[in-house]
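**Student:** pasting the structure only:
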């Protein structure tokens, strides 16, 4: 058996690899994938063909990948929302824990908890106290029901023991316009879109949603260190293969994905955009993350009373 595994590893890859991106071109998943793929292709010695299959919150592309032959020639670009879909939708055509072989997480993109500067709270502790003094009276915006910005705010609300009203928008851009205008006071939104507005003085930043500070905004504290210990909620991207992909191929892919993400030029590109290159230490570590995210978001969704659609 060892000789078979060794020969599989030695021969792989000997033809182009398809990378299914379960989003439309230009989205966050697509951009994060395309930053890494040229270097990964160089290291693997084969062309990687990006195949965008958007729709159904990423489920269409993910299902296509889950059903592909487990031979290492079809990979799937993973996004954090795949771990919340099972709790947000009545029917998901795959099991994110069983139907994929995790390869590696590649990068973390934190959100920023931001408000209109007129809100009379200068930090996270003051903000929590301000909201608690007005139970149910304050609102928060999001990019839509079940979006990661929505879930991150519900996690903040439940973790701090708050009562707030959710105002969903059809996209984060529209929500941010109203935050800047002062129509809705609070939102957790992608650091890539909010940081320029913070620097321009149009938004106040209370903290990043990740467990550690963002390399792109090192002066902004984490929400956890600023007043809500244990808070950690991010958008992350990674690489999956279909379940059953040979261990030797998974290991080979993992080492080269990590190598690509750690390339100085790739790391600089991510950091300059406000992201945090965070390749998984092992495929098993990525599997543990996925499992923990599934359970975390299931609890947040249940506690918030969000009904599957």
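**Tutor:** Sure thing, it's come through. Keep in mind the model is a prediction, meaning the values are calculated, not measured.

**Student:** do you know how far residue 116 is from residue 142?
**Tutor:** 16 Å (Cβ to Cβ, to the nearest Å). In short, each C-beta sits where N, CA and C put it, glycine included.

**Student:** ok, those two, which is more surrounded?
**Tutor:** Higher neighbour count among residue 116 and residue 142: residue 142, with 25 against 18, using other Cβ atoms under 10 Å.

**Student:** next, give phi and psi for the residue lying closest to that one once chain neighbours are set aside.
**Tutor:** Spatially, and ignoring its direct neighbours in sequence, residue 142 is nearest to residue 150 (3.7 Å; Cβ to Cβ, 6 or more residues apart in numbering). Dihedral pair for residue 150: phi -60, psi -50, per degrees, to the nearest 10.

**Student:** could you check the pLDDT of residue 150?
**Tutor:** For residue 150, the pLDDT comes out at 94.

**Student:** before we move on, what about residue 19?
**Tutor:** pLDDT, read off for residue 19, is 98.

**Student:** wouldn't the residue nearest to residue 142 be in contact with residue 164 here?
**Tutor:** No: with contact defined as Cβ atoms under 8 Å, residue 150 does not reach residue 164; the gap is 11.6 Å.

**Student:** which one of those two has more residues nearby?
**Tutor:** Just comparing residue 150 and residue 164: by other Cβ under 10 Å the higher neighbour count belongs to residue 150, 28 against 20.

**Student:** buried sites along stretch 212-223?
**Tutor:** Under the neighbour-count criterion of 16 or more other Cβ atoms under 10 Å, stretch 212-223 has 213, 214, 216, 217, 220, 221, 222, 223 buried.

**Student:** just the element for residue 153, please.
**Tutor:** helix 148-160 (DSSP states H and E).

**Student:** which other helices and strands does the helix or strand just after that helix contact?
**Tutor:** Next in sequence after helix 148-160, counting helices and strands by DSSP H and E, comes strand 165-168. Helices and strands touching strand 165-168, by 3 or more Cβ pairs under 8 Å, 6 or more residues apart in numbering; DSSP states H and E, are strand 139-142, helix 148-160.

**Student:** hmm, 10 Å instead?
**Tutor:** Judged by 3 or more Cβ pairs under 10 Å, 6 or more residues apart in numbering; DSSP states H and E, strand 165-168 is in contact with strand 139-142, helix 148-160, helix 172-181.

**Student:** for residue 266, which of those is the nearest?
**Tutor:** Among the helices and strands packed on strand 165-168, helix 148-160 comes nearest to residue 266, with 23.5 Å by Cβ to Cβ.

**Student:** any idea how far that closest one is from the middle of the chain?
**Tutor:** Here the centre of helix 148-160 is set off from its chain's centre by 15 Å, with Cα atoms, centre = their mean, to the nearest Å.

**Student:** gap between the residue nearest to residue 142 and residue 168?
**Tutor:** From residue 150 to residue 168 the distance is 7 Å (Cβ to Cβ).

**Student:** rewinding a little: how about the helices and strands packed on strand 165-168, which one is nearest residue 38?
**Tutor:** Short answer: helix 148-160, nearest of these by Cβ to Cβ, at 26.9 Å.

**Student:** buried residues in that closest one?
**Tutor:** Applying 16+ other Cβ under 10 Å to helix 148-160 flags 148, 149, 150, 151, 152, 153, 154, 155, 156, 157, 159, 160 as buried.

**Student:** show me which strand runs longest in this structure.
**Tutor:** Looking across the chain with DSSP state E, the single longest strand is strand 100-115.

**Student:** tell me the angle that one makes with helix 148-160.
**Tutor:** For strand 100-115 against helix 148-160, the angle by axes from the mean of the first three to the mean of the last three Cα atoms, to 10 degrees is 70 degrees.

**Student:** against which helices or strands is the following helix or strand past strand 100-115 packed?
**Tutor:** Remark: after strand 100-115, the chain's next helix or strand is helix 124-132, criterion DSSP H and E. Under the contact criterion of 3+ Cβ pairs under 10 Å, 6+ apart, helix 124-132 touches strand 100-115, helix 148-160, strand 204-208, helix 223-226.

**Student:** report the angle between helix 124-132 and strand 100-115.
**Tutor:** 80 degrees.

**Student:** partner strands of the longest strand of the chain and their direction?
**Tutor:** strand 186-190 (antiparallel), strand 204-208 (antiparallel), strand 234-242 (antiparallel), strand 276-277 (antiparallel) (DSSP bridges).

**Student:** tabulate those in CSV, adding columns for mean pLDDT and mean neighbour count.
**Tutor:** Shown next, in CSV, are the strands paired with strand 100-115 (pLDDT from 0 to 100; neighbours: other Cβ atoms under 10 Å):
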stretch, mean pLDDT, mean neighbour count
strand 186-190, 92, 26
strand 204-208, 96, 24
strand 234-242, 96, 25
strand 276-277, 92, 21
